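**Q** Sequence and predicted structure below; questions after.
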Amino acid sequence: MSQLHHATVHVHLTACSDTWLSFTLKHSRTPEIQMSISQPTLPLATNMAKHNVLGFNVVRVKITEDTEVIRHLFIKPHSTRDADPQRPKNRTLFVINIPPYVNKKCLENFFLKCGKIENIFLCNKPTTDPVSVEVSKYIPNTEPLMCYKVAYVVFQNENCVTKAMKIFKDNVGILIKEKEYLTQNTGVKKWCKDYAGNSENTDVVKKELNDYFKEYDEKQELEKQKLKRKTEDTDAEGWMKVTKLSKVKANQPKVSRYIKRKQKKKRTEAHLLDFYTFQMKETQQNRIQELRKKFEEDKQKIALMKAARKFKPF
């Protein structure tokens, strides 16, 4: 029977200038083994700072000054077909691949060298819809940003966007300064802060909720007044438009599309039921067979009732 021998493997890792990784294996029963792995060729990563990637300029950044890890942000001027008052076409810089722990303050300090910033909008993904601004702490109207995100940096002047496209070509920027990094809540610190933030003053919450519902009721009342004025107005010929206020909501577009598809399917099945001649013949033959089968069953029932002397037709 073979015996199992226990041995210790010593792994020694070293970083060399000409190699990416080298290590040494030491075993009690074998001679020393040395191996090295050459540095992988990453043409996209090495040339990223000098070329555009899918129309984006590549910005090399480090999260803090003491780290050696370089990350990449991708920037380009924001452009849409329709006019956007929140994000003007010539004054907005579109930024993607932003880490989750980078907030508005970090981005503002980072892009401040390009010019004065009017506003910064953070989103989970690119969108052409109006960006919702968080008004209430207790009634959120936006989704929490828990992953890599995108940003729309709105400058006060148009030349700031052009400056941002040029200024970061050869430099490595710092996203989070030392003071901000020390106050940044991540990991367990963030969870503790979130847990402590759940205990709020009930009077403050009640006041904010009352203000919210008061504003909502005022909006609803304005809508009713507008609708009432429309019903009372008459056109040039003296006709009055009659409308009806109903509590029953109209079908949503999704429900309406489902009902239309269902009705169309029913019509199609009805049209194709006896479309061909052989279908009509088969349907007629089946109907005749069913009638004959029912006739024979009725005859058997009558015969049984006669045998039992319970047959009284009159």
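**A** Looks like it came in fine.

**Q** Got the domain ranges for this protein?
**A** The chain breaks down into these domains under the TED database: 52-197, 201-233.

**Q** okay if I get those as CSV plus mean neighbour count?
**A** In short, each C-beta sits where N, CA and C put it, glycine included. Shown next, in CSV, are the domains of the chain (neighbours: other Cβ atoms under 10 Å):
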stretch, mean neighbour count
domain 52-197, 14
domain 201-233, 11
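
**Q** State the distance from residue 149 to residue 104.
**A** Relative to residue 104, residue 149 is positioned 11 Å away (Cβ to Cβ, to the nearest Å).

**Q** Report the set of residues contacting both of these two.
**A** Contact criterion Cβ atoms under 8 Å, 6 or more residues apart in numbering; residues shared by residue 149 and residue 104: residue 122.

**Q** Surely residue 78 and residue 89 touch.
**A** Yes. Using Cβ atoms under 8 Å, residue 78 is in contact with residue 89, at 6.7 Å.

**Q** In a markdown table, list the domains of the chain along with distance to residue 295.
**A** Listed next are the domains of the chain as a markdown table, based on distance: least, Cβ to Cβ, whole Å:
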| stretch | distance to residue 295 |
| --- | --- |
| domain 52-197 | 69 |
| domain 201-233 | 66 |
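
**Q** Indicate which one of those is closest to residue 299.
**A** Evaluated over those, closeness to residue 299 peaks at domain 201-233, with 70.8 Å, by Cβ to Cβ.

**Q** If residue 59 is in a bridge, with which residues?
**A** Beta bridges link residue 59 to residue 73 when assigned by DSSP bridges.

**Q** how far away is it from residue 105?
**A** Applying Cβ to Cβ to residue 59 and residue 105 gives a distance of 18 Å.

**Q** want to throw the domains of the chain into JSON lines with distance to residue 303 and mean pLDDT?
**A** Converted to JSON lines, those look like this (distance: least, Cβ to Cβ, whole Å; pLDDT from 0 to 100):
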{"stretch": "domain 52-197", "distance to residue 303": "77", "mean pLDDT": "78"}
{"stretch": "domain 201-233", "distance to residue 303": "75", "mean pLDDT": "81"}
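
**Q** Residue 158 and residue 91 touch, don't they?
**A** Yes. At 5.5 Å, residue 158 counts as touching residue 91 under the criterion of Cβ under 8 Å.

**Q** Figure out the helix or strand that residue 290 lives in.
**A** Using DSSP states H and E, residue 290 falls within helix 277-307.

**Q** Kindly provide the whole-number mean pLDDT of that helix.
**A** Helix 277-307 comes out with an average pLDDT of 88.

**Q** buried sites along it?
**A** By 16 or more other Cβ atoms under 10 Å, helix 277-307 has no buried positions at all.

**Q** Now residue 131: which helix or strand?
**A** Residue 131 belongs to no helix or strand, assigned by DSSP H and E.

**Q** CA atoms only: put stretch 85-92 into CSV for me.
**A** Only the C-alpha atoms of stretch 85-92 are listed here, as CSV (Å, rounded to 0.1, in the frame of the first residue of the first chain):
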residue,chain,number,x,y,z
PRO,A,85,-32.6,72.3,-21.0
GLN,A,86,-31.0,70.3,-18.2
ARG,A,87,-28.0,69.2,-20.3
PRO,A,88,-27.2,71.8,-23.0
LYS,A,89,-25.6,70.3,-26.1
ASN,A,90,-22.5,72.5,-26.2
ARG,A,91,-21.8,72.8,-22.5
THR,A,92,-22.3,69.2,-21.3
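
**Q** what's in contact with it?
**A** Under the contact criterion Cβ under 8 Å, 6+ apart, stretch 85-92 has outside partners 77-80, 83-84, 118-119, 121, 130-131, 152-158, 160-161.

**Q** just the strands in the stretch 101-250 of the chain please.
**A** Assigned by DSSP state E, counting those that start in this stretch, the stretch 101-250 of the chain shows strands spanning 117-123, 149-155, 173-174.
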